[in-house]
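In: Based on what follows, work out the 3D shape:
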Amino acid sequence: MTLTRSVSRRCTVPGTAASGVEAPGTLPPVGRGAEIVALHECFDRVRAGGAARVLLTGESGIGTSTLADAFCGQLAAGADGGPVVVRVAAPEPTAGPSDVPVAYATTERLARALDAVAAPAAATSCRSAPGLHDALLRVRRGPRGDRVVVLALHDLHHVDPASATVLTDLLARLHSDGLLVLATATDPDRLPTGTRAWWPWLFARDGGTSGTPGSSGTPGSSGTPGSSGSSGEEARTLVVGGLDVPSVAAFVASRRPSSPAPSREVAARLVAATGGHPVHLALLVRGLDDDVLAGVAPPPPWSTLSADAARAAAALGPVARRLLDALAVLGEPAPVALVERVAGLDDADVGDGEVAELVGSGLVVVDRLGARAVLRFVHRLLRVTVLATLPPDRAGALHDAAGIALGGRAGLAHAVAGAAGRPHPALAAVLDESAAAEVTDHDEAATRLLWAAELSPTGTERESRVLAAAVRLVRAGSPGRLRALEPELREARPGAERDLALGMLLSEASDPEANRRLQAAADDPDADPRVTALAAVLLGADHALHGRGARAVEAANRVPRLTAEPRRREQMQVLHAVGRAQQWGPDAGLDVLEDLLPVAYGADPAVIAGRLCLAAGRTAEAYTRLHEGLDRIRTGGLTTTGRLVHLYLAEAALRTGRLDEAEAEARVGATTSRQIGDTWIGPASRSLWAAVLALRGQGDEAEAHLRTAREDLRRAPHSRGLATLTTSEALVAHARGEPERAHRLLTAFADAPVPPLLDAPTAPWRVLRAEAALDAGHPRLAAREIDGWPVFGTPLWFTLSRHRLLGRLAEDAGDVDAARASYRAALDLAEADPDGAASCPTEIAALHASAGFLARARGWASAAADLAAARRGYAALGARPWVARIDAEIDADIHGLDTAPPADARRDVPAARAPGGRPRAAVAATAGAVPAPPETLPLAPATEEPPEHADLTPREREVVRLVAQGMTSREVAAALYVTPKAISYHLGNVFAKLGVTSRRQLWGRQF
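Out: Residues are numbered from 1 along each chain as shown. This is a model prediction of the structure:
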């Protein structure tokens, strides 16, 4: 592989993105050749038609971002038609420990970066993973055709919690070809204790079934490529370590080109002193004498990076040091004029000499953006060191100055940091007012209230503000941030605010105590009506989640008396619909939502309508409704079902035969939920994921997912999650050919209390239970199950399944005519409703398979068409186990067939004629072979004869025509008065001319 590329340099402000290089240069960093090669190998596989995610990790300052930028620069420096590189860096905290990242700050940068490349008509919502996913696909499918996209996400350890949730969802979706996600983050083991490391498992080789990266070890060699599910996506983690001795020697030579090249012994000393850390090396070698580098003078006493940085700062002159201190307080890259203002200097005090002195210290670099000079630290580690050397009074004064100079949210953050935790009633009051003005961004309002609590002069005021912030976090739906306040909330005074916040946390964990807390908050007569209305909504949701429909309706009906807020009213109607559905069936709930759906401004009504349609067996309508809800979420619509929609959509896609989509949505549901605790949504989604894998023949992987889901639900039991797990286990057993196990699981499930909305007469598990009973040899149990099913007014998929299973029961009883009539009636229904049939391809394929097996066993010519149709249906679904079973049936030579077709078949269908004009029945009877069967079921659609058929001789055409109708070699030989050996000879020629390798590939074709 050639790594030499043309050099293209570009200065950019961190956080920006473009469709080209976002790196300081395209040459690889010194000593990182192995990592660069590994990244190029991964990119080559993506360019050849794959997808990959790669995480570069190590200790802070080790050079992961530099490495990623250099790699992206090499890609963008190539010829036209190269990849689109989109670079986004998470903003780091800038104002000390009091600062809290702005919610969705990172995803806002990502949305704007994608929009800048794709230039859509409407701005992408930064709160919506589906919206960001669509924007990425627009970038991929640009005006000049499909291009490879490299999404570089820097500093994931700085991502705010809200963005982390969205990015988790987004990364779980990114499995399309031509996409490389390249991320950098500090090794979680080197971050402060308690840091929320949400990203490592997203880059593990199993795509999310493991909790930690599956790689460690030497640079460039860790992280074995692996697949994520069946998507073919590669996931890797590369651990970047310090530079080795030869690399350090080259690094020093690049930084001190006019100095003596260090010997191996000197380089080894530098490695021992710095651990090969590039930031420390760069700072250290800047001040070493040439004699030390040449090895003729002893080195000075080695010290830590912090000590060296403090020494370099202390050596600056007064003006340069004031600039350095001001830049450290500002945190982000800043124009020289702004740094001067914060430092209390003016143009007369600062000249080129002072800026050059700063750069010469090795702590700061200057970027030229047009006419402006922007100062930034070489690395945040150096900024942290400078901040640590500032006396508290000096740091406070600089923060105050920065607050005045910046204003807005950043100004408030600096003002809070300047207070250094000391009571500041005036600033706390300002923060209160600014929080009250935030009527939509509840995350930001909570941040300001928590800042105000920190500055409160009394414990009572602090507690009131913490409780107010907790209510805002409940309104924002931010359980992660709320959980950090839990210890303080438990010590707070009793009241509706406290009970509301604790109730939400307990409900997230499926704790029964949640109900008592939320009930107390809703019943508090002295509370703010807006708080009690919110508590009533959460109480209703908790009741609905646990199947208490009547109590959910009761709680929802309290909302209109408490508030006129449209958002609460809409939530009330949704809860009312769910409660009614749990009481009286899904149609009763859908009646409640009928008038709301056209005018709803949130996503919840459409999502819940989709769920109720699933419960009613209306799978096609459910799929449409769920996508309607997802589209609203995609454009930033308000929702409390953002995680549930993936679970429901996975089920709808599975039931309508969209296995790729079902797997993608189940994966998202499983991984997104993981970030907020082991609730039932994650295990339930993982169970559906297992079902999809089993249908595709990946049984072992499916069982591994089921074990993970079972363990998660053991820690946090939930009836809905356990129900989904059990039904998925049964489906996996069915797919693996273990009918007895499937029937046992579903019988135990039916004997226990079935959760509401899963106990409908047309529930899919009922069909599976009857089929498992038949497969396991229990026809009487299957008949008892089917006898309890409704006959009229059922969805098409259920009607087809009922006819098919009745046909199988008839076969088992030896009533061939009744079985054939059941299959024929079902196929007629499917033919009369093509749109409905398109929404249940699994049932159509199963019906053709059952009809084909019967026809094959009876020697009817319809076997070829039905088995071919079944094979096409299962192949289109990707259901490999079923395809294999049909192939085995097609390839089998079945002897001892019936000698005559059914009477009504002889009456309704003209006799098929063998070559020469004789009726095939007569030919077969004369030869003592199986008679030609009549057509008793619809054939597959005829196709035009391909050109290669013209190469067949007349005799070959006769042979292949009969083989395509389902006849064995022995049957064809008898019909044509030749030996089976002659048929084998002719078939060999046919296979060579048509490019086929098996007789099953001829079934159902027209000759």
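
In: quick one: D160 from P834, how far?
Out: To P834, D160 is 50 Å away according to Cβ to Cβ, to the nearest Å. In short, each C-beta sits where N, CA and C put it, glycine included.

In: meant to ask about H743
Out: With distances taken as Cβ to Cβ, H743 is found 34 Å from P834.

In: the more surrounded of these two?
Out: Per other Cβ atoms under 10 Å, whichever of H743 and P834 has more neighbours is H743, with 27 against 8.

In: in a helix, that's where that one is, yeah?
Out: Yes: counting by DSSP: H, G, I helix; E, B strand; the rest coil, H743 is located in a helix.

In: distance of it from E771?
Out: Separation of H743 from E771 (Cβ to Cβ): 9 Å.

In: same check, this time on G421
Out: G421 sits 67 Å away from E771, going by Cβ to Cβ.

In: which regions of the stretch 1-150 of the chain sit below the pLDDT cut-off?
Out: Within the stretch 1-150 of the chain, the ranges that satisfy pLDDT under 70 run 1-28, 77-81, 93-100, 120-121, 144.

In: Tell me the helices and strands packed up against the helix or strand encompassing R368.
Out: Assigned by DSSP states H and E, R368 belongs to strand 364-369. Here strand 364-369 touches helix 352-360, strand 372-377, going by 3 or more Cβ pairs under 8 Å, 6 or more residues apart in numbering; DSSP states H and E.

In: if you set the cut-off to 10 Å instead, what comes out?
Out: helix 318-330, helix 352-360, strand 372-377, helix 380-389 (3 or more Cβ pairs under 10 Å, 6 or more residues apart in numbering; DSSP states H and E).

In: how far out from the middle of the chain is the third one?
Out: Centroid displacement of strand 372-377 relative to its chain, using Cα atoms, centre = their mean, to the nearest Å, is 38 Å.

In: So L153: helix, strand or coil?
Out: When classified by three-state DSSP, L153 comes out as strand.

In: and the gap between L406 and E332?
Out: L406 is 10 Å from E332, where distance means Cβ to Cβ.

In: ugh, typo on my part, it should be L688
Out: Taking Cβ to Cβ as the measure, L688 falls 44 Å from E332.

In: Between these two, tell me which one has more neighbours.
Out: Each of L688 and E332 has its neighbours counted (other Cβ under 10 Å); L688 has more, 30 against 16.

In: Which residues are in contact with that one?
Out: By Cβ atoms under 10 Å, 6 or more residues apart in numbering, the contact set of L688 is 646-648, 650-651, 653-654, 662-663, 665-667, 669-670, 705, 709, 724-725, 727-728, 731.

In: Go again with 6 Å.
Out: L688 is in contact with A650, A666, counting by Cβ atoms under 6 Å, 6 or more residues apart in numbering.

In: quick one: the residue most central in space within the chain from T747, how far?
Out: Centroid-nearest residue in the chain: A172, 2.1 Å away (criterion: Cα atoms, centre = their mean). Between A172 and T747 the distance is 35 Å, computed by Cβ to Cβ.

In: next one: A863
Out: Distance, A863 to T747, by Cβ to Cβ: 34 Å.

In: neighbour count winner among the two?
Out: Each of A863 and T747 has its neighbours counted (other Cβ under 10 Å); A863 has more, 28 against 17.

In: and the more buried one, what pLDDT?
Out: Looking at A863, its pLDDT reads 86.

In: For it, pull up the helix or strand it's in.
Out: Assessed by DSSP H and E, A863 sits inside helix 862-877.

In: swap in V54?
Out: Using DSSP H and E, V54 maps to strand 51-58.

In: Could you tell me which other helices and strands that strand packs against?
Out: Packing partners of strand 51-58 (3 or more Cβ pairs under 6 Å, 6 or more residues apart in numbering; DSSP states H and E): helix 33-47, helix 64-76, strand 179-186, strand 234-239.

In: Tell me which of those sits nearest to P391.
Out: Comparing those against P391 with Cβ to Cβ, the closest turns out to be strand 179-186 (28.5 Å).

In: now the angle between helix 33-47 and that closest one, please.
Out: Per axes from the mean of the first three to the mean of the last three Cα atoms, to 10 degrees, the angle that strand 179-186 makes with helix 33-47 is 150 degrees.

In: Name every strand pairing with strand 179-186 and say which way it goes.
Out: Under the criterion DSSP bridges, strand 179-186 sits next to strand 51-58 (parallel), strand 149-154 (parallel) in its sheet.

In: picking that back up, A helix includes the residue nearest to the centre of the chain, no?
Out: Yes: counting by three-state DSSP, A172 is part of a helix.

In: Contact partners for it?
Out: A172 makes contact with R667, V668, T671, according to Cβ under 6 Å, 6+ apart.

In: And E513, by the same measure?
Out: By Cβ under 6 Å, 6+ apart, the residues touching E513 are L506.

In: quick one: low-confidence ranges for the stretch 901-1007 of the chain?
Out: Applying pLDDT under 70 to the stretch 901-1007 of the chain flags residues 901-950, 966, 974-978, 1000, 1003-1004, 1006-1007.

In: hmm, back to that, any chance of TSV for the contacts of A172, columns secondary structure and neighbour count?
Out: As requested, the contacts of A172 are exported to TSV (DSSP: H, G, I helix; E, B strand; the rest coil; neighbours: other Cβ atoms under 10 Å):
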residue	secondary structure	neighbour count
R667	helix	26
V668	helix	28
T671	helix	24
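
In: Out of those residues, which one has the weakest pLDDT?
Out: Within these, pLDDT reaches its minimum at T671, with 77.

In: Report the separation between that one and W689.
Out: Distance from T671 to W689, by Cβ to Cβ: 10 Å.

In: Also A453?
Out: Relative to W689, A453 is positioned 42 Å away (criterion: Cβ to Cβ).

In: Equivalent analysis for L132, please.
Out: Distance of L132 to W689, given as Cβ to Cβ: 22 Å.

In: Who has more neighbours out of those two?
Out: W689 (32 against 25).

In: which ones are touching the nearest residue to the more buried one once chain neighbours are set aside?
Out: What sits nearest to W689 in space, not counting adjacent residues and going by Cβ to Cβ, 6 or more residues apart in numbering, is A666, at 3.8 Å. Shown in contact with A666 (Cβ under 6 Å, 6+ apart): A650, S685, L688, W689.

In: With A268 instead?
Out: By Cβ under 6 Å, 6+ apart, the residues touching A268 are V245.

In: hang on, it is in a helix, isn't it?
Out: Yes: under three-state DSSP, A268 sits within a helix.

In: Leaving out the residues flanking it, which one is nearest to L654?
Out: Nearest-residue entry for L654: A662, 4.0 Å, with adjacent residues in sequence omitted and distances by Cβ to Cβ, 6+ apart.

In: Run a quick check on that neighbour versus E651, I expect a contact.
Out: No: counting by Cβ atoms under 6 Å, no contact exists between A662 and E651, whose distance comes to 7.6 Å.

In: who's more crowded, these two?
Out: Neighbour comparison, A662 and E651: the larger count goes to E651, with 29 against 23 (by other Cβ under 10 Å).

In: Local confidence estimate at the more buried one?
Out: Per-residue confidence (pLDDT) for E651: 95.

In: Could you tell me whether D817 really is in a helix?
Out: Yes: assigned with three-state DSSP, D817 falls within a helix.

In: And for it, the neighbour number?
Out: The number of residues packed near D817 is 12, by other Cβ under 10 Å.

In: Tell me the helix or strand right after the worst-scoring helix or strand of the chain on mean pLDDT.
Out: Across the helices and strands of the chain, mean pLDDT, DSSP states H and E gives its lowest value to helix 920-927, namely a mean of 29. Downstream of helix 920-927, the next assigned helix or strand under DSSP H and E is helix 954-964.
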